[in-house]
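J.: Build me a structure from this.
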Amino acid sequence: MNLAATEMSDSTFLLLTAGYAVSGVICVVLAALGVGMKKMWERVFIGLIGAAFVGYAIYLFFVFDGGTVLISYWPLIVPVLLIFNAIRNARRAKAGA
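T.: This next block holds a predicted model:
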């Protein structure tokens, strides 16, 4: 969903930007540690997605001066799914050992 920046409050804009940044950092950290990821391409892919989230947050905070903002809930959902996947894989590994 796209929304004009003038249609959202400053607090909503900052919360959205912070959500993108935090989600991106979580993705990058999980990819760097390899938590819950068995293959290298998974780590690279998640790292790139995290870098894109952080990059968009930096753009919104420092460069953006009005217009339309892309609002998506995926950046907020992806880190939660990655953490659940890591916990599930850790439990499987513990049960198999």
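J.: any low-confidence regions in the chain?
T.: Scanning the chain for pLDDT under 70 picks out 1-6, 97.
J.: all strands of it, in order?
T.: Using DSSP state E, the strands of the chain run over 2-4, 68-70.
J.: partners of the last one, with directions?
T.: Note on strand 68-70: by DSSP bridges, its sheet partners are strand 2-4 (antiparallel).
J.: now the helices: where do they sit in the protein?
T.: According to DSSP state H, the chain carries its helices in the segments 10-33, 40-58, 74-96.
J.: and the ones you listed as a markdown table, adding mean neighbour count and distance to residue 64?
T.: For glycine as for every other residue, the C-beta is placed from the backbone atoms N, C-alpha and C. Shown next, in a markdown table, are these (neighbours: other CB atoms under 10 Å; distance: least, CB to CB, whole Å):
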| stretch | mean neighbour count | distance to residue 64 |
| --- | --- | --- |
| helix 10-33 | 17 | 9 |
| helix 40-58 | 17 | 10 |
| helix 74-96 | 13 | 16 |
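J.: Redo these as CSV? Include distance to residue 68.
T.: Converted to CSV, the helices of the chain look like this (distance: least, CB to CB, whole Å):
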stretch, distance to residue 68
helix 10-33, 12
helix 40-58, 13
helix 74-96, 17
